Structure formats: structure tokens, C-alpha cells
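Colleague: please work out how this folds:
(one chain, ligands or ions: 1)
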Amino acid sequence: MTAAAGLRITDLTVTYPGPRAGGLVGRRTPITAVDAVSLEVAPDETLALVGESGSGKSTIARAVVGLVAASAGSIDFDGASLLNLRPRDQWARRNIAMIFQDPRSALNPRLSAAASIGEAWEAHPDVAPEGVRRDQRRRRAAVVDLLAQVGLDPDVAGKRPTALSGGQCQRVSIARALALSPKLLICDEAVSALDVSVQAQVLQLLVGVREARSLSMLFITHDLGVVRQVADRVAVMRRGELVESADVHTLFTAPQHDYTQELLAAAVDLDVRS
Ligand SMILES: Nc1ncnc2c1ncn2[C@@H]1O[C@H](COP(=O)(O)OP(=O)(O)OP(=O)(O)O)[C@@H](O)[C@H]1O
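Modeller: The predicted model follows:
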């Protein structure tokens with residue numbers, strides 16, 4: 001492992017245009033969603049990103065995968081910058097896969113599970129498993145193998161999202177994310193839209209997959225109970241800023257920042273009430 005391995009975000013700032021003040025012709029008031037945030041996710045490590053709604057967690061994830069532009073700062077993976085990539089250098093991001101909150105809208109409703117999983121192989125033929133683009137038998141075998149890794153039967157391969165449950169759709173999304181053998185998995189509230197009974201199973205799957213493949217994971221959640229189960233370290237966001245980061249045990253037993261203490265107290269209240 002080199003010092004530069006894993007994900008390194010330095011002084012990242014992301015600004016959205018914001019709404020126009022005074023109708024269609026008014027000036028836009030920019031919203032600084034992420035304000036000079038620095039954090040790292042080491043190889044084989046899970047960092048949980050927590051904080052209230054609107055604190056900038058998803059924006060960080062979106063900046064890492066290139067869905068929003070950084071206004072300032074840097075994002076590096078294994079020592080290579082992920083910012084300002086030319087189209088032909090987008091492959092640098094293939095080491096990073098993201099799993100979204102709502103699996104139904106993340107999957108193309110017109111595509112079967114097999115087609116969704118195989119899409120990445122068309123986009124990145126250089127890293128697709130041997131033969132899957134030309135040999136239908138190999139392609140089918142690779143899809144079935146990925147489905148098995150996420151606990152789904154082979155017959156799911158031919159089904160579209162509408163024929164699958166929310167939990168099954170999320171498992172297909174995870175299989176698709178694994179298709180290019182990424183090194184970093186970003187999970188943005190990946191279990192919070194699922195039925196409570198299914199949440200634990202999908203969480204267990206993510207933890208198992210992470211361990212089996214020695215992946216790094218950036219795990220965005222508002223659920224501190226989930227943090228305890230998955231994370232090695234925790235970073236706490238508030239209003240676009242990072243207020244505290246620590247290993248899980250330290251954060252839960254000796255939170256330093258007032259806001260972290262409030263978050264923990266609120267979570268305890270919820271536990272008591274439920
Ligand atoms: N596309 C956008 N255009 C303008 N503002 C946005 C956009 N996306 C997010 N924001 C704003 O940026 C801020 C951070 O949002 P973000 O979704 O990153 O927070 P979050 O911590 O992930 O919240 P949540 O847990 O609710 O998803 C919020 O004020 C939000 O309203």
C-alpha cells in the first residue's frame with residue numbers, strides 16, 4: 001500500500017447555481033453545498049459519512065463519481081486526479097462504483113437485470129471479463145456468477161425491475177456495481193428506501209461483499225445504528241462542512257463536537273421511542 005492509495009479528497013468545495021431571486025430574470029444565489037472538505041478512505045476501509053439532511057453528503061459522493069463538478073479542491077484515487085478528466089480518461093473512474101438510495105430509479109426500467117449488469121462491459125471493454133462481449137455463454141455465466149454473489153437466482157437475469165422487489169432491485173444494482181471489479185464502493189443511503197426487514201439483509205450483503213473483495217467503502221447514511229455495523233471510521237458533516245471525524249468507537253463513546261453529541265443524543269431518543 002502506498003501513501004497515495006485509496007480515495008483522497010482535499011479542500012473540496014461544490015457550489016450549485018441556486019434558485020433565482022425574483023423570477024426568471026433574477027440573479028442566482030449560489031449554494032455552497034460542500035465547503036472545503038477534506039477526507040480520505042484508505043484501501044480496505046469503510047468510512048461512514050453522516051449528518052443532517054442537506055449537509056452535503058450526497059454532493060461529495062456525486063463529485064467523486066463526476067456527476068457534479070467541483071468548484072475547488074482536489075479528488076484523487078490511488079494517486080490519480082479524478083477532476084477535469086477528458087472523455088478518454090474517464091476509465092480512471094471505473095475503479096469506483098456507486099449504489100443509490102432508490103434502486104428502481106437507478107436501474108433502467110426497460111433493461112433486464114442481465115442487460116443492466118452487462119452495460120458496464122460495453123462501456124469499458126478493456127476491463128470486461130474475458131469473452132463476455134462476444135461469447136453469449138460466457139456472458140450468461142458471468143451474469144449468473146454476479147447474481148449469485150449478491151444472493152439472487154439465475155432466473156433473475158431475464159427480469160426487468162418491475163418484476164423484482166425493492167430488495168432484489170438493490171441486489172441487481174450491487175451486482176452491476178461489481179461488474180467492473182471496482183476498488184471503491186460508494187453507497188448513498190443504499191438501504192434506507194428498503195423495507196426494514198430487507199435493510200439488514202442488504203446491509204449484510206454489502207459488508208460481506210466489501211470483506212470478500214477487500215473494497216474501500218464510502219457509506220453515506222443518516223442512520224447511526226447502521227454506522228456502528230458497517231464503519232471503521234466516521235466523518236460528520238454539517239451545513240457543507242466537516243465537523244468531526246474519528247474511528248467508530250471513539251465517535252460513539254467520546255464525541256468531541258457539540259453537533260455530533262446532538263446527533264448521538266437524537267439517535268438514542270429514537271431508539272428509546274421505537
Ligand atoms: N442539484 C442541486 N441544485 C441546487 N442545490 C442543490 C442540488 N443538489 C443539492 N442541493 C443543495 O445542496 C445542499 C446539500 O445537499 P446534499 O443532497 O448533498 O445533502 P445531503 O446531506 O446528502 O442530504 P440528504 O441526506 O437529504 O440527501 C442542500 O442545501 C441542497 O438543497
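
Colleague: can you name the residues of the stretch 151-274 of the chain that neighbour the ligand?
Modeller: Residues of the stretch 151-274 of the chain lying close to the ligand (C-beta under 6 Å from any ligand atom) are H222. Placement of C-beta: from N, CA and C, glycine included.

Colleague: just name the shakiest helix or strand of this protein by mean pLDDT.
Modeller: helix 258-273 (a mean of 79; mean pLDDT, DSSP states H and E).

Colleague: distance from the chain centre to stretch 64-82, please.
Modeller: A distance of 15 Å separates the centroid of the chain from that of stretch 64-82, by C-alpha atoms, centre = their mean, to the nearest Å.

Colleague: pull out the buried positions in it.
Modeller: For stretch 64-82, a neighbour-count test (16 or more other C-beta atoms under 10 Å) marks 64-66, 68, 70-71, 73, 75-77, 82 as buried.

Colleague: also stretch 215-230?
Modeller: 215-224, 226-227, 229-230.

Colleague: in contact with L39: list those residues for me.
Modeller: Residues near L39 by C-beta atoms under 8 Å, 6 or more residues apart in numbering: 9, 47, 49, 60, 235, 242, 245.

Colleague: assign the second one to helix, strand or coil.
Modeller: Reduced to three states with DSSP: H, G, I helix; E, B strand; the rest coil, the structure at L47 is strand.

Colleague: can you check the fourth one too?
Modeller: Using three-state DSSP, the secondary structure recorded for I60 is helix.

Colleague: neighbours around it, how many?
Modeller: Applying other C-beta atoms under 10 Å, we find 28 other residues in the vicinity of I60.

Colleague: would you agree W121 is in contact with R133?
Modeller: Yes - at 5.9 Å, W121 counts as touching R133 under the criterion of C-beta atoms under 8 Å.

Colleague: looking at the two, which is more packed in?
Modeller: Neighbours were counted for W121 and for R133 using other C-beta under 10 Å; W121 has more, 18 against 14.

Colleague: please report phi then psi for the more buried one.
Modeller: Here is the backbone geometry of W121 (degrees, to the nearest 10): phi -70, psi -30.

Colleague: swap in S38?
Modeller: phi -120, psi 130.

Colleague: contacting residues for it?
Modeller: S38 makes contact with 9-12, 73, 242 under the criterion C-beta under 8 Å, 6+ apart.

Colleague: wait, is D155 part of a helix?
Modeller: Yes - counting by three-state DSSP, D155 is found in a helix.

Colleague: distance check, it against R140.
Modeller: 12 Å (C-beta to C-beta, to the nearest Å).

Colleague: kindly report the same for L206.
Modeller: Per C-beta to C-beta, L206 is found 25 Å from R140.

Colleague: now do E262
Modeller: Note on E262: its distance to R140, by C-beta to C-beta, is 52 Å.

Colleague: what's the answer for N84, then?
Modeller: For N84, the distance to R140 equals 39 Å [C-beta to C-beta].

Colleague: those two: who's more crowded?
Modeller: The residue with more neighbours, out of N84 and R140, is R140; 15 against 9, by other C-beta under 10 Å.

Colleague: helix, strand, or coil at the residue in the stretch 151-274 of the chain positioned nearest to the ligand?
Modeller: Ranked by C-beta to the nearest ligand atom, the top residue of the stretch 151-274 of the chain for proximity to the ligand is H222, at 5.7 Å. Three-state call for H222 (three-state DSSP): coil.
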